[in-house]
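Peer 1: Show me how the following folds:
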Amino acid sequence: MADLFASDAETPGEPVENAPLADRLRPRTLADVVGQDHLTGPEGAIGRMVAAGRLSSIILWGPPGTGKTTIARLLADAVDMRFEPISAVFSGVADLKKVFAAAKEHARRGDKTLLFVDEIHRFNRAQQDSFLPFVEDGTVTLVGATTENPSFELNAALLSRAQVLILHRLDAAALELLLDRAEALTEKTLPLTPAARDALLASADGDGRFLLNQVETLYSIDIGEPLDPAGLSALLHRRMPVYDKDREGHYNLISALHKSLRGSDPQAALYYLARMLTAGEQPLYVLRRLVRFASEDIGLADPQALVQCLAAKDAFDFLGSPEGELAIVQACLYCATAPKSNAAYAAMKAAWKSARDTGSLMPPKNILNAPTRLMKTIGYGKDYQYDHDSAEGFSGDNYWPEEMEPQPFYAPTDRGFEARVAERMAYWDRLRAERSDA
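Peer 2: You can find the predicted model right below:
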């Protein structure tokens, strides 16, 4: 564990010649960092801190391979602080105590410590709390790095003492700049056609470290003619998309799918469905969300939406993957193109609230069952009007508790089948009004 906590306050020397390409291309100054100008530029939060010569505790949140560790190291150099790196994967409370003790000793000598905690979200709540007194008294300036949403993974107390800075996945321009630097450093042109070069950039999925590892693999192979996209694909693998089924990527994509369906965009909905299923999401989870959507956002505007989603679930159970996934696609497209209404959802919320507010009000006696003589004697079922005996099959009777006015929970829209429901309800309302006036 000693190497894990070795101080690295001095600017690291030039990497050795046989070091990995990503290490040899590691930026030497914050100005060399690619793709994060919104933070490291003169107007960015980090740029302003460096210009002022004062660094506050920060949390760097971003995808893998976007420069979090590099930025932390360069920050220490830029403000003349001692750099102390640890990893939450390999460290415990005992290791943290050693780090804080060493930082206190250096503080007595006038040396400030930047404590860099990689994957800080892996520390539990108690371990995160152990940082607080040392951050508050200035023993360390904390720079944490995480790929997970800090709102979910970090203590509120810790977040209140640190500024969260968001790093972007590297775009095509930033990745292209990394390729240019790799070619300049090695003095070798990548053996790729222009189309294959574009495919290589796309395969990195915004991860600069992954891209440079791919480049290093290409340089290590004796390639005669430049590779086209098919040749590149046969030689190298794509980076797997960042998607943790129990973390933020999961919730971001299901939210995007749901809102694309609600917005009646079948193309976008199909894209997010594909993103989830190709990344390994459980098809039955997606089907559950589609079933929910059919009731929440379509409802009686198209009652067949719910039938389609349940049929897709049955088809997937019957066929399995990959054949059954076509049924999921069909349900997704049906929901996206169906008329939309949340009237049933709104009615449910209103009715549930009314039920909680009104407590145990008794229904009117005329609609109560009277299985015993005593119940009949006290009026249960008296004057009940059997709807099928009326000419319209509608009695217009009152079904609400005496202490409660009728409530308009459900307000159908004029879209799809629900428009017919609205006409029917309006007709019944007219009959009620006529009979109450009679």
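
Peer 1: Number of residues surrounding the nearest residue in space to Leu175 that is not next to it in sequence?
Peer 2: Excluding the flanking residues, the one nearest Leu175 by Cβ to Cβ, 6 or more residues apart in numbering is Leu201, at 4.8 Å. No exception for glycine: its C-beta is placed from N, CA and C like everyone else's. The local packing of Leu201 (other Cβ atoms under 10 Å) involves 21 other residues.

Peer 1: Residue numbering should commence at 216 henceforth.
Peer 2: From this message on, residue numbering opens at 216, which makes the last subject Leu416.

Peer 1: Leu329: what secondary structure?
Peer 2: In three-state terms, and counting by DSSP: H, G, I helix; E, B strand; the rest coil, Leu329 is strand.

Peer 1: Does it touch Ile301 like I think?
Peer 2: No. Assessed by Cβ atoms under 8 Å, Leu329 is found out of contact with Ile301, at 11.6 Å.

Peer 1: quick one, which of the two is more surrounded?
Peer 2: Neighbours were counted for Leu329 and for Ile301 using other Cβ under 10 Å; Leu329 has more, 25 against 21.

Peer 1: Can you give me every residue that contacts the more buried one?
Peer 2: For Leu329, the contacting residues are 270, 287, 290-291, 294, 296-299, 355-356, 358, by Cβ atoms under 8 Å, 6 or more residues apart in numbering.

Peer 1: switch to 6 Å and redo it
Peer 2: 291, 296, 298, 356, 358 (Cβ atoms under 6 Å, 6 or more residues apart in numbering).

Peer 1: Any quick ChimeraX command for the buried ones out of those?
Peer 2: Selection of buried members from the contacts of Leu329 for ChimeraX, criterion 16 or more other Cβ atoms under 10 Å:
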select :291,296,298,356,358
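
Peer 1: any idea which of the contacts of Leu329 is the one closest to Phe338?
Peer 2: Lowest distance from Phe338 to the contacts of Leu329 (Cβ to Cβ) belongs to Val358, with 14.1 Å.

Peer 1: Name the residue closest to the centre of this structure, please.
Peer 2: Nearest to the mean C-alpha position of the chain, by Cα atoms, centre = their mean, lies Asn467 at 2.6 Å.

Peer 1: Now that we're looking at it, what pLDDT does it have?
Peer 2: Looking at Asn467, its pLDDT is 85.

Peer 1: sorry, back to before: report pLDDT for the residue nearest to Leu390.
Peer 2: Per-residue pLDDT puts Leu416 at 91.

Peer 1: name the element it belongs to?
Peer 2: helix 409-418 (DSSP states H and E).

Peer 1: for the longest helix anywhere in the chain, which positions count as buried?
Peer 2: Longest helix of the chain, by residue count under DSSP state H: helix 632-652. Counting neighbours by 16+ other Cβ under 10 Å, one finds that the buried residues in helix 632-652 are 632-634, 636-637, 647.

Peer 1: and what of stretch 494-509?
Peer 2: Neighbour-count burial for stretch 494-509, with 16+ other Cβ under 10 Å as criterion, is recorded at 494, 496, 498, 501-502, 504-506, 508-509.

Peer 1: Please flag which of those residues sit within helices.
Peer 2: 498, 501-502, 504-506, 508.

Peer 1: Columns pLDDT and distance to Ala246 on top of these, output as a markdown table?
Peer 2: Below are those laid out as a markdown table (pLDDT from 0 to 100; distance: Cβ to Cβ, whole Å):
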| residue | pLDDT | distance to Ala246 |
| --- | --- | --- |
| Pro498 | 92 | 47 |
| Val501 | 95 | 44 |
| Leu502 | 96 | 50 |
| Arg504 | 95 | 45 |
| Leu505 | 97 | 48 |
| Val506 | 97 | 52 |
| Phe508 | 97 | 47 |
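
Peer 1: Can you lay out the residues you listed as TSV showing distance to Leu236?
Peer 2: Below are those laid out as TSV (distance: Cβ to Cβ, whole Å):
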residue	distance to Leu236
Pro498	39
Val501	39
Leu502	44
Arg504	42
Leu505	45
Val506	49
Phe508	46
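
Peer 1: now, which of those residues sits nearest Asp480?
Peer 2: So of those, ranked by how close each gets to Asp480 (Cβ to Cβ), first place is Phe508, at 13.5 Å.

Peer 1: what's the helix or strand hosting the residue nearest to the centre of the chain packed up against?
Peer 2: Of the helices and strands defined by DSSP H and E, Asn467 is found in helix 463-477. Judged by 3 or more Cβ pairs under 6 Å, 6 or more residues apart in numbering; DSSP states H and E, the packing partners of helix 463-477 are helix 481-493.

Peer 1: where in this structure is pLDDT low?
Peer 2: For the chain, residues meeting the criterion pLDDT under 70 lie at 216-232, 453-464, 653.

Peer 1: domain assignment for this protein?
Peer 2: 218-381, 404-450, 463-552, 573-652 (automatic domain parsing).

Peer 1: my read is Thr356 is in a helix, agree?
Peer 2: No. Counting by three-state DSSP, Thr356 falls outside a helix, being strand.

Peer 1: correct me, but it touches Leu270?
Peer 2: Yes. In this structure Thr356 lies within contact range of Leu270 using Cβ atoms under 6 Å: 5.4 Å.

Peer 1: List the contacts of the helix or strand containing Leu589.
Peer 2: In the assignment (DSSP H and E), Leu589 maps to helix 588-592. With Cβ under 6 Å, 6+ apart as the test, helix 588-592 has contacts from Ala585.

Peer 1: so how far is that helix off the chain centroid?
Peer 2: Distance, stretch centre to chain centre, for helix 588-592: 60 Å (Cα atoms, centre = their mean, to the nearest Å).

Peer 1: one step back: just name whatever secondary elements the helix holding Leu416 is in contact with.
Peer 2: Helix 409-418 packs on helix 444-450, going by 3+ Cβ pairs under 6 Å, 6+ apart.

Peer 1: Just list the residues touching Leu488, thanks.
Peer 2: Leu488 neighbours (Cβ under 6 Å, 6+ apart): 472, 547.

Peer 1: secondary structure class for the closest residue to Thr328 other than its chain neighbours?
Peer 2: Using Cβ to Cβ, 6+ apart and skipping residues adjacent in sequence, the residue nearest Thr328 is Ala318, 4.1 Å away. What three-state DSSP gives for Ala318 is helix.

Peer 1: count of neighbours near Ala318?
Peer 2: 21.

Peer 1: ditto for the one 3 residues further on
Peer 2: Counted with other Cβ under 10 Å, the neighbours of His321 add up to 19.

Peer 1: what sits up against stretch 467-475?
Peer 2: With Cβ under 6 Å, 6+ apart, stretch 467-475 has contacts from 483-484, 487-488, 490-491, 504.

Peer 1: Try it again at 10 Å.
Peer 2: 364, 456, 458, 480-491, 494, 496, 500-501, 504-505, 507-508, 511-512, 547, 550-551 (Cβ atoms under 10 Å, 6 or more residues apart in numbering).
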